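Peer 1: I'll drop the sequence and a predicted model, then ask my questions.
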Amino acid sequence: MEQEMSSKEMELYLDKAGVLIEALPYIQHFQGATIIVKYGGSAMVDHELKKSVIKDVALLKLIGFKPIIVHGGGKEITSWLSKVGKESEFVNGFRVTDQETMQVAEMVLNRINKGLVSMMEKVGVKACGISGKDGTILRVAQKKPDGADIGFVGEVMEVDTTLLTTLIDAGFVPVICPVGSDDGYYSYNINADDAACAIAKAMKAQKLVFLSDIKGVLEDAHDPESLISEMTVAEAREFIEKGHAGGGMLPKLNSCIDAIEAGVQRVHILDGRIPHSQLLEFFTNKGIGTAIIGDTERRFYEKTKKD
């Protein structure tokens, strides 16, 4: 006698099917899209979160997207500097980087880079770990915030996409650590947000994703339920002008606006502490973070999440 499926089991299967159907229009809309994932924050430290991020990127690759990872490593750099007896110093949020610090930073970033490549390969996706020095992807000049000399900290002046395009065409996911070189081929540490933005603009990416330790843009900084799902560039500018963008949100929003105006279609600010945050943002009707879009770009979210 055939066993009938219970109503509870049927509901469970329909819910699973519903998730896939919900994702369909987003997969169709962004099929073949180049996506730059800036990977940082707690998701780089917690092993389970790291696996979640890698699986998300692997899935994006396998369903026809073209992901590129740009990762940071500030916490590990600070830890290793401490081990060699060097105290970290920051000016306007940038690490003061003398020659010895640069050597440690490059060593640590390359170690992180190859670890991410190994994790990607374990889930069945070809990856290639490189730095911005390879193929002179990131050509820099010395960055001097407010005129201060902070050593080997680079500001991206030019991006050569030749190597990136070659790797993507060959089926690889490029994994990039933010180290570039100047005209004299000296190594420079680059802020990972800056590196990701520069690469996204040069690649004319459809999406740029910031994975960090914040939920997204909050209408009220003290109310976690006031998350804004979607903002146009005009709305983001107004948000800044009204003084709502405090702390680290101000430079991040300005980077988002800059990327959109340079041709990137959508920029997402996501909480990397939430497992599979990229999939939840890209393939569900409400998402979980904040998407910044051009003023004439199609909206996906009719209301903010707090509604």
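Peer 2: Nice, I can see it. Residues are numbered from 1 along each chain as shown.

Peer 1: Which parts of the stretch 201-307 of the chain are helices?
Peer 2: Taking DSSP state H, counting those that start in this stretch as the criterion, the stretch 201-307 of the chain carries its helices at 233-241, 249-261, 277-282.

Peer 1: for those helices, which one ends up most surrounded?
Peer 2: helix 277-282 (a mean of 23; mean count of other C-beta atoms under 10 Å). Just so you know, the C-beta spots here come from the backbone N, C-alpha and C atoms, and that holds for glycine as well.

Peer 1: From the contact counts, what lies against that one?
Peer 2: With contacts taken as 3 or more C-beta pairs under 8 Å, 6 or more residues apart in numbering; DSSP states H and E, helix 277-282 sits against helix 47-62, strand 207-212, strand 266-271.

Peer 1: what phi and what psi does the backbone show at residue 130?
Peer 2: Residue 130 has phi and psi values of phi -140, psi 170 when expressed as degrees, to the nearest 10.

Peer 1: Across the sheet, point out what pairs with it.
Peer 2: residue 176 (DSSP bridges).

Peer 1: neighbours of it, just the number please.
Peer 2: The local packing of residue 130 (other C-beta atoms under 10 Å) involves 20 other residues.

Peer 1: from now on call the first residue 223
Peer 2: Okay, residue one is now 223; in that scheme the one you just asked about reads as residue 352.

Peer 1: could you list every residue that touches it?
Peer 2: Going by C-beta atoms under 8 Å, 6 or more residues apart in numbering, residue 352 touches 335, 359, 385, 389, 396, 397, 398, 399.

Peer 1: re the thing from before, could the helices and strands packed on helix 499-504 go into TSV alongside mean pLDDT and mean neighbour count?
Peer 2: Putting those into TSV (pLDDT from 0 to 100; neighbours: other C-beta atoms under 10 Å) gives the following:
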stretch	mean pLDDT	mean neighbour count
helix 269-284	91	19
strand 429-434	91	27
strand 488-493	91	26
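
Peer 1: can you count the residues close to the closest residue to residue 359 other than its chain neighbours?
Peer 2: Distance criterion C-beta to C-beta, 6 or more residues apart in numbering; nearest residue to residue 359, sequence neighbours excluded, is residue 382 at 5.6 Å. Neighbouring residues of residue 382 were enumerated by other C-beta under 10 Å; the total is 15.

Peer 1: One more: residue 407?
Peer 2: Around residue 407 there are 9 residues (other C-beta under 10 Å).

Peer 1: tell me the pLDDT at it?
Peer 2: Looking at residue 407, its pLDDT reads 94.

Peer 1: Tell me the pLDDT of the closest residue to residue 441 other than its chain neighbours.
Peer 2: Leaving aside its chain neighbours, residue 441 sits nearest to residue 448 (4.0 Å; criterion: C-beta to C-beta, 6+ apart). pLDDT for residue 448: 86.

Peer 1: Now distance to residue 481 too, for the helices and strands packed on helix 499-504, in CSV please.
Peer 2: CSV is the format used below for the helices and strands packed on helix 499-504 (distance: least, C-beta to C-beta, whole Å):
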stretch, distance to residue 481
helix 269-284, 19
strand 429-434, 5
strand 488-493, 5
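
Peer 1: so which of the ones you listed gets nearest residue 500?
Peer 2: Residue 500 lies closest, by C-beta to C-beta, to one member of these: helix 269-284, at 4.2 Å.

Peer 1: Name the next helix or strand downstream of the closest one, please.
Peer 2: Of the helices and strands lying after helix 269-284 in sequence (DSSP states H and E), the nearest is strand 288-293.

Peer 1: Now do the next helix or strand along the chain from that following strand: which elements does it pack against?
Peer 2: Next along the chain after strand 288-293, taking DSSP H and E as the criterion, comes helix 296-305. Packing contacts for helix 296-305, counted by 3+ C-beta pairs under 8 Å, 6+ apart, involve helix 321-344.

Peer 1: now the helix it packs on: mean pLDDT?
Peer 2: 95.

Peer 1: okay, that helix in CSV with CA atoms only?
Peer 2: The C-alpha trace of helix 321-344 is given here as CSV (Å, rounded to 0.1, in the frame of the first residue of the first chain):
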residue,chain,number,x,y,z
GLN,A,321,58.9,48.7,4.7
GLU,A,322,58.9,46.0,7.4
THR,A,323,55.1,46.3,7.9
MET,A,324,54.6,46.0,4.2
GLN,A,325,56.6,42.8,4.1
VAL,A,326,54.5,41.3,6.9
ALA,A,327,51.2,42.5,5.3
GLU,A,328,52.1,41.0,1.9
MET,A,329,53.1,37.7,3.5
VAL,A,330,49.8,37.5,5.5
LEU,A,331,47.6,38.6,2.6
ASN,A,332,49.2,36.0,0.4
ARG,A,333,48.7,33.3,3.1
ILE,A,334,45.0,34.2,3.4
ASN,A,335,44.7,34.3,-0.4
LYS,A,336,45.9,30.8,-0.9
GLY,A,337,43.7,29.5,1.9
LEU,A,338,40.6,30.9,0.1
VAL,A,339,41.7,29.3,-3.1
SER,A,340,42.0,25.9,-1.4
MET,A,341,38.5,26.3,0.1
MET,A,342,37.1,27.2,-3.4
GLU,A,343,38.8,24.2,-5.0
LYS,A,344,37.4,21.9,-2.3
